Each structure stands twice: as C-alpha cells, then as structure tokens.
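In: pasting the sequence and the predicted coordinates here, then a few questions.
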Amino acid sequence: MAKPLFIAEIFHVIISELAEDRQSLARLAQTSKAFTDPCLDGLWHTMDSFFPFIFLLPRSVRSMLLGEKRSVSYHCEKLKSHWSTLTQRLMTLSRPEIRIQRLGEWEYFDKYARRVRVYRQTDVDAYQKAYQVVSMMREQHLFPNLRDLDWRVIGSYSMEPWSLSPSLQSLTILQHPFVGITEFFLRQVAHDAPELESLEIRFSFPDRSIVNTTMGPVPFNRLKSVTIKMLDLAVVDFCRYFSLPSVTSLAISLSCLGKAWHPGSLTFHGLETLTILGDPASARLFVEHVGSTHLRDVFLVLKNEDVTFSDCQELLTTLFKIHGQSLRLLYCNINGQSISHPSIIDQLVDEFLSELRLHVRGSGVERVQVVLHSLPHHIVGQHSIIVADFINAAWTRMELVQNQI
C-alpha cells in the first residue's frame, strides 16, 4: 500500500475528489480498515433522503413505523416500489407515544447518522414525515453532527425541541404556502440552533390569526446571512426579527409593502450586502430603513407589471443619498415588459443612464452594471437585452444582446 495514502491530509483530499462518485468511495472503504471510517464519512456526509436510514432503525421502531414485522429486505423492496404504503401508515401515527428505549438498540443507526453533515430533503414527503416521526419517538437529535439542513414543514409535523441539532450552522426552511410562520417558531429555532450562521425561509406566509408581539430581534447570536423569499412583509415585521448586528448579508423577495408596513426605526445596522427582488416602490421604502453605514454591495432585481424608469430613478436616488459613500458595487436588473413606446426608448435609456452616472460620480461606487431585459421585440428588434457596464463612472461597455430563447 502506498504510504502517502496513510497521510490523513492527502487521503481526505482524495475522498473530497470522490464525493460525487459514491461507488468508488464504497469500494475504497473495503480495501483497508484504515480507509473504512474516512470513506464512510464521505459516503454519508451529504444525504438527500431519510430512506437509507429506515433500514438502520431498531426493529421495534421500524415495525411501529411501517406497521409490519417483516425483514429489512422485504421492507426495502416494498418501499422502493410503493412509498405510498409508508405515507398511509404515517397518517395513522398523528403523534407516536413515547416508548421505553432498550440499551444499545440505536447503536447501529448512530454508527452512520453521526457522519451526516448535510441533510437536504429532495424526495417524496413520506420520508420527511418518517424523519419527524422517528425524532419524536426517540426525543433526540437523529443527526448530532449536522451542519446544513433543508427542513420542510409538512402538515401537523412542525419543529420539535429535538428537530434541530445544536451544531447546525445553515438552515433552509421550506414552508408550506398555507402553514404560517410565527415569532414563537423563530425563537424556537434560535434556541435549538445557537450556532446558526445562515437562515433561508422560502414560500412562507404568516399565520394571520397569531399576533406577533416581539419588541426586538430574535436572539440569533451568530446569524450572518438571511434570505427571505415570498414573505408577506405587510403582516410580519421581520425587520425586528432579524435586525441583528451580526447580520451582514440579506436577500429578500418583497411583496407590495404599501402603507401597512411600519418598521418604526432604522434596521440592519451591520448590513454589508443587500439583494432585493420586487417592485421599485417597495425596494425604495425598504432601502430608506436600512440603518447600516457600511453597505457595500447592492443587487436589485426590479419587476412589476407597470415598472417605469421613473420608479427606478427614485429608488436609485434614495439609495445613493443614504448609502452612496459606502457603496462599492451596484447591480440593477430591470424588467422592461411594460415599456411600449418605441419612439422614446432611446431617450428613456439615455436619461436613466445619464442620471445614474451623475449619482456614481458623487459616490464611492467602483462598479455598476445595468441590465434591461424582456423588452418588446417591436422596440429593439431581435435584441431584447440591453447591458450597460461601467467602472468608476467611465462606461466600458454598452451593448444589445440577442435573446437566445
């Protein structure tokens, strides 16, 4: 056996290169006892389903979960072709009763579960429910060393005190469109995962029947990056939830804020990077209430049925007025579907870019890129994208790009 392979650093590099080749990792694990543990760590590092773990469960737990006392091979073949069987069984287990655990019965399961660092649910909902049911049965974190989790809230199975590992650093919550997110929910996450650095919430709508009474931020002590998609900001004042000095990166998808949103005071004092997807009016209202004095990078994706250059100009005027001196990079992507006057398109673009150049000259911005896309074909012919790029107020590129779609 080549001695360099027994140098841990070299061997770990080889394993990382084989991360996508699970078959080779499995074969390598069988060549030497010295390779077994490192290779198993690589094989189980990232999991996208709870399916492989069902057959590692204690027999009594597996029988309760599946409803039949059969061999592992029988259940394996049955679930591969009929996962609906598991779904139907789980529907009868609304909340499993606490059971007495036998000494050592979880040893085989833990041998592999402790190796999982990333768990991302990508297959059928039944296996996610199975994960949650087993967690409730054991009343313990199933993956004690987990770092990255995609959590899908399904039906009545919400987060329990043992749903999140204390070692968790990145969490993505895939919320059902009709299941609300509450202050209590977020505070539980902050309590259960104190090491959390990155949080993403997708397709989330608030529970309008619950009054949110928070007077300050939720105590995420290490949180640095927050991404919120499809959140109704007019009801949930998430600025107070996540407005922490530690948060340096924020990406949000804005619905129409209107007059119902009242942030009360400046927020996100530590923010360095801001990404906004939404209409210009809502983006401008949000930018007005960002209290950071060192906002450096801003990415704007502006779209609305009736977006105009005037709305975009108002947004940029507000942005440069408040954050112009700290700003270094600006990317602005504008949906031009509503522009329908071919006779003035050149004039509108020239006026918009000229005003933007004036803003840049009086600021600390080092680079700006503007992308105007989805233009009607009768305005610019076969070219439907305009790209303007300049560094330190000097235009370096302005071109028409042919739409490849």
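Out: Good, I have the coordinates.
In: are we agreed that Leu353 is in a strand?
Out: No. With DSSP: H, G, I helix; E, B strand; the rest coil as the criterion, Leu353 is helix rather than part of a strand.
In: what's the distance between it and Gln313?
Out: 10 Å (Cβ to Cβ, to the nearest Å). Where you see a C-beta, it was placed from the backbone N, CA and C, and this is true even at glycine.
In: let's see stretch 134-145 as PDB, backbone CA atoms only.
Out: What follows is stretch 134-145, C-alpha atoms only, in PDB (Å, rounded to 0.1, in the frame of the first residue of the first chain):
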ATOM      1  CA  VAL A 134     -38.700   8.900  14.400                       C
ATOM      2  CA  SER A 135     -37.400  12.100  16.000                       C
ATOM      3  CA  MET A 136     -40.500  12.200  18.200                       C
ATOM      4  CA  MET A 137     -40.200   8.600  19.100                       C
ATOM      5  CA  ARG A 138     -36.600   9.000  20.200                       C
ATOM      6  CA  GLU A 139     -36.900  12.500  21.600                       C
ATOM      7  CA  GLN A 140     -33.300  13.200  20.500                       C
ATOM      8  CA  HIS A 141     -31.400  14.700  17.600                       C
ATOM      9  CA  LEU A 142     -31.100  12.000  14.900                       C
ATOM     10  CA  PHE A 143     -28.000  13.600  13.300                       C
ATOM     11  CA  PRO A 144     -25.900  15.000  16.200                       C
ATOM     12  CA  ASN A 145     -23.200  16.500  14.000                       C
END
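In: buried set for it?
Out: Of all the residues in stretch 134-145, those buried under the rule 16 or more other Cβ atoms under 10 Å are Val134, Ser135, Met136, Met137, Arg138, His141, Leu142, Phe143.
In: what do you get for stretch 41-61?
Out: Those buried within stretch 41-61 under the rule 16+ other Cβ under 10 Å are 41-45, 47, 49-51, 53-54, 57-58, 61.
In: ok, Asp21 - how many residues close by?
Out: Neighbour count of Asp21, defined by other Cβ atoms under 10 Å: 12.
In: looking at Leu353 and Gln313, which is more packed in?
Out: Leu353 (19 against 16).
In: now the more buried one. Nearest residue, chain neighbours left out?
Out: Nearest residue to Leu353, sequence neighbours excluded (Cβ to Cβ, 6 or more residues apart in numbering): Ala388, at 5.7 Å.
In: tell me the bridge partners for that neighbour.
Out: Beta bridges link Ala388 to Val370, Met398, judged by DSSP bridges.
In: can you check Val290 too?
Out: Thr267.
In: quick check, pLDDT for it.
Out: Note on Val290: pLDDT of 88.
In: going forward, the N-terminal residue is numbered 59.
Out: From this message on, residue numbering opens at 59, which makes the last subject Val348.
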